[in-house]
Every structure is written in structure tokens, then in C-alpha cells.
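>>> Dropping the sequence and predicted coords here.
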Protein chains: 2
Amino acid sequence: MYGLIGKMKAAAGQRDALIAILLDGIDAMPGCLSYVVARDPKDADAIWISEVWDSQGSHRASLALPSVQAAIAKAKPIIASFEEHHETEPVGGHGLGG
Amino acid sequence: MYGLIGKMKAAAGQRDALIAILLDGIDAMPGCLSYVVARDPKDADAIWISEVWDSQGSHRASLALPSVQAAIAKAKPIIASFEEHHETEPVGGHGLGG
């Protein structure tokens, strides 16, 4: 499995709009086992995203999906910065339904 | 929902043993929607854990479960340090099966 844990900041006041775009874009991504979008309770602009994919290839392929491309285009103007970006190797757990 | 994203380090050479204990302890935790254990590919001792719970109360209650207490007791001697610990407010996504 292939994982990503990242934190990004929305432009001021745009966090909910950014979250809505992110959640809208993640339907029907082949190989996506988990994709969780969360607010940071300590930072009004920050969003955490935790992803698990069956392989790095599936994640890479997802970036070319029309739905994901559309979400990226809509999200870009309201993303202020990327704060953290960690690749991981998920081993197991709960909630990896596929 | 209530989330946690954390990074811990195992004692040298003990990462796989620690992961096995963590995965063993997470069965049947009421209110746990997602619990992913991952290796850090850049640090041979580091483990990432991403959790989503239906509430902070469920997470707190899980710490009193006999299976979790047993896992904590077994894990403690081979945990070297906690590197990161972030509370989050998950909003939605994929793989929150419950």
C-alpha cells in the first residue's frame, strides 16, 4: 500500500470551500482505500488529508482522472500553502475498505 | 468526528514488532471509523498512525478496553518516543466504514 499524510492551508476564510471541493473530487478513484479530509482545530485555515492507496501507481493515475483534474483546477486558487507532506507505507488497520 | 494523526519511533530494530502489537490491539473498538498504521519510508524506526473516531469520547473509552490496555502494556517498552501528535476534526471522505 501507499500512503500520504499532508497538511495544507486555505486562503483566509476559504477552508470550508476548499474542503467541499476536495470531498467532491474523490468519488470513484480506483485503488483508493481511504481518503480522510479533516479540519485542524488549532488553525482556522488548515486542513489535514490522510490517504491510503493500493499502490503508488493508483495514486499517480488518479491525478489524471477528469474529476480530480477538475477539483485541482477549482482548488488551486484558494490553496495558500502546503505545510506538510509525508509519504507512508501503510501496513494495515481498520477502514481500508477499498 | 474526532481524529488523531501521530508519529512515533520504535526502539531500534523493533518497528515491526511494535506495528504487530498495534494492529493486534485495534479489533472491536466501538466508534473507531478508521485506524491506519504505516511505516515511514524515510526513517527505519518511525510509524505513522491515523485515526478517525465518531467522537472524542469513543477514543477516550477505547483506552480503557482490556485489549487496548494489554496492547499499551506490551508496546510501551519498545516505544522510543512520540514525534508528532495532532488532533483533527475529520469532515468526510472515503473509508470511514465504522
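That came in fine, so what should we check first?

>>> Mind checking if the top strand by length along chain A is in reach of chain B?
Across chain A, the longest stretch assigned as strand under DSSP state E is strand A:79-94. Yes: for strand A:79-94, a contact with chain B is found by CB under 8 Å from any CB of the partner chain, at A:His86, A:Glu87, A:Thr88, A:Glu89, A:Pro90, A:Val91, A:Gly92, A:Gly93, A:His94. For every residue, glycine as well, the C-beta is placed using N, CA and C.

>>> my guess is the fifth one contacts A:Met1, does it?
Yes: when contacts are counted by CB atoms under 8 Å, A:Pro90 is listed as touching A:Met1 (4.1 Å).

>>> Need the overlap of contacts for those two.
A:Leu33, A:Val52, A:Leu96, B:Ala38 (CB atoms under 8 Å, 6 or more residues apart in numbering or on different chains).

>>> re earlier: more crowded one of A:Pro90 and A:Met1?
Between A:Pro90 and A:Met1, A:Pro90 has the larger neighbour count (other CB atoms under 10 Å in any protein chain shown), namely 23 against 20.

>>> how many other residues sit next to A:Ser55?
Using other CB under 10 Å: A:Ser55 sits among 11 other residues.

>>> actually A:Ile19, not the one I wrote
Using other CB under 10 Å, A:Ile19 has 20 other residues around it.

>>> Tell me the spacing between A:Ala17 and B:Pro90.
Separation of A:Ala17 from B:Pro90 (CB to CB, to the nearest Å): 18 Å.

>>> need the contact list for the closest residue to A:Asp54 other than its chain neighbours.
Nearest non-adjacent residue to A:Asp54, counting by CB to CB, 6 or more residues apart in numbering or on different chains: A:Gly31, 4.4 Å away. Listed by CB under 8 Å, 6+ apart, the contact partners of A:Gly31 are A:Trp53, A:Asp54, A:Ser55, A:Gly57, A:Ser58, A:His59, A:Ala61, A:Ser62.

>>> Contact partners for the first one?
Residues in contact with A:Trp53, defined by CB under 8 Å, 6+ apart, are A:Met1, A:Tyr2, A:Gly3, A:Gly31, A:Cys32, A:Leu33, A:His59, A:Ser62.

>>> Out of those, who's the most crowded?
A:Gly3 (25 neighbours).

>>> Would you confirm that it contacts A:Glu87?
Yes: between A:Gly3 and A:Glu87 a contact is recorded at 7.0 Å, counting by CB under 8 Å.

>>> Which neighbours do the two have in common?
With CB under 8 Å, 6+ apart as the test, A:Gly3 and A:Glu87 reach no residue in common.

>>> any idea how far A:Ala70 lies from A:Met29?
13 Å.

>>> So between these two, which is more surrounded?
A:Met29 (20 against 13).

>>> so that one, which of the three states?
Three-state call for A:Met29 (DSSP: H, G, I helix; E, B strand; the rest coil): coil.

>>> which residue packs closest to it, ignoring adjacent ones?
A:Met29 sits nearest to A:Ser62 (CB to CB, 6+ apart), 4.6 Å away.
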